[in-house]
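> Mind folding the following:
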Amino acid sequence: MSAVDFKKSYLRVQEEHGGTYDAGARIGTYGCQFCIGIYFQIGRSKAFCAHIRPRPDGNGINNITLEAEGTRLKTKTIEKLTSHAKENGWSAEDVDKASVVIVCPLPDHATNVAAGCQSEHHPFAKRPGWYVIEGIKEFLGLSLDFQVDTQSQGFVVGKDQPLIKVPFDPGDKEFEDVRVEALKGFVEAEAGGERSWLCQDCRGMSTIPSKTRFRCIPEPTGGTCTFSDSSRSTSADCPKLIDHIGTIGLFSCVGVYCALPDNRCFVAHISAWTQDDDDVSEPFEEYCGVEDGETIQREVLSRLQSHAKANAWSPSEANTASLIIACPTLVRMMVDGRILTFTGAYVARAVREFFNAPNAQVKKNWGFVVHRSTGAVDLLNRSDGEPDPPSCMDHYEMVNEADLDDWKVIVERHN
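Numbers count the residues shown, from 1 in each chain. Sure thing, here's the model as predicted:
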């Protein structure tokens, strides 16, 4: 009798494959990092197993994903599972929830813990796998305390058979050696199944374009912007059809966004400066004392009031829950023995006063992009010394907004 006769055989589900199998089969997968391995039993005779790949390499399976885009990915996951279950004669109600196994070592950015951590450049530092897992949980009706295994790259399991885990962290060993050691005594055979879990191309699970186009408000402009309800097209010929809007390049300037009724919003990139009126050759300064700052605050407030009136809206109509005020730099340290404040601090005060939002937090970000329909916000940061375009813009393509008002404020400096 040969040595292989003593080995236990199992069916290996390859990456992007999966399906409904005989419950009596020992089955498994391995090699998950950003992918998701999943198994569960269905009644007495069936089991489901898949190695789910959220996106093709061309779109970046390990890229972080914006919340609104991730929500669409989650929805597609639920739709795919529902369709597969129907085609194979079972439903989520037939699943033995105690048998569910989900592994995904890296569902979010730079951590093995499935929690909403933040990255340097994005507020939602979750990879595509995070949202696929959320879709799986919702489809199966799993409890909130269900734990995804982030310490394993795979498993082998079967009905009434022990779960064998393949560790993810190789430690001092080679990645492949960990798998070989964990599955010592097993011999694998191809499980087959559909090669549709989840995407070979952008028509599968990858519904997220490589670049999200947004209406960019350049410095120092702003205004009341209108969106079209008739389409979600991203045609460059009609910026009103682009559903993302925002601004970038903030330092001492202030970025403002607030949703308004009738598919409108107010958005601006406001810059404020002081200058010695007696010496126009002297450059503008972006910091000021209290007296000049209060002058800037009054001027910005007056402009906001005039703009709202000219565009037939009032701050009482604004959705202040959506209000964004962003300015990375509010205070300059000692200058000639005085602590001087950047002009943005007074611009922010004016914005708060105008919208009657005294407790609105000023976000210290380089820019932001808002998905107008959902209200999802991506707060952008760039690292010191990063070349243009910075990495936080990897997901975006700018469409410059036209027909905007001037929002540059210059006041005479008091000596």
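> Tell me which helix or strand in the protein has the weakest average pLDDT.
Of all helical and strand segments in the chain, the minimum by mean pLDDT, DSSP states H and E falls on strand 331-335, at a mean of 67.
> Below-threshold pLDDT in the stretch 101-250 of the chain: ranges please.
Segments of the stretch 101-250 of the chain classed as low confidence (criterion: pLDDT under 70) are 109-125, 170-176, 193-196, 198-210, 229-239.
> Helices along that one, start to end?
For the stretch 101-250 of the chain, the helices identified by DSSP state H, counting those that start in this stretch occupy 128-140, 175-182, in order along the chain.
> Mean neighbour count and distance to Gly385 added to those helices, as JSON lines?
From N, CA and C alone the C-beta is placed, and that goes for glycine too. Converted to JSON lines, the helices of the stretch 101-250 of the chain look like this (neighbours: other C-beta atoms under 10 Å; distance: least, C-beta to C-beta, whole Å):
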{"stretch": "helix 128-140", "mean neighbour count": "24", "distance to Gly385": "29"}
{"stretch": "helix 175-182", "mean neighbour count": "14", "distance to Gly385": "34"}
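> Output these in JSON lines; the columns should cover distance to Ile296.
Putting those into JSON lines (distance: least, C-beta to C-beta, whole Å) gives the following:
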{"stretch": "helix 128-140", "distance to Ile296": "43"}
{"stretch": "helix 175-182", "distance to Ile296": "58"}
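> For Ala25, which of the ones you listed is the nearest?
helix 175-182 (19.2 Å; C-beta to C-beta).
> Which strands and helices lie in contact with that closest one?
strand 152-158, strand 161-167 (3 or more C-beta pairs under 8 Å, 6 or more residues apart in numbering; DSSP states H and E).
> Save those strands as JSON lines, and put in mean neighbour count and distance to Leu340 too.
As requested, the helices and strands packed on helix 175-182 are exported to JSON lines (neighbours: other C-beta under 10 Å; distance: least, C-beta to C-beta, whole Å):
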{"stretch": "strand 152-158", "mean neighbour count": "24", "distance to Leu340": "54"}
{"stretch": "strand 161-167", "mean neighbour count": "16", "distance to Leu340": "56"}
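> So which of these is nearest Val187?
With distances scored as C-beta to C-beta, the stretch of the helices and strands packed on helix 175-182 nearest to Val187 is strand 152-158 (11.1 Å).
> which other helices and strands contact that closest one?
Helices and strands touching strand 152-158, by 3+ C-beta pairs under 8 Å, 6+ apart, are strand 27-29, strand 36-42, strand 95-103, strand 161-167, helix 175-182.
> how far out from the middle of the chain is the helix or strand harbouring Thr20?
Using DSSP states H and E, Thr20 falls within strand 18-22. Relative to the centre of its chain, strand 18-22 is centred 32 Å away, using C-alpha atoms, centre = their mean, to the nearest Å.
> and if you look at stretch 384-391?
Centroid separation for stretch 384-391 versus its chain: 20 Å, with C-alpha atoms, centre = their mean.
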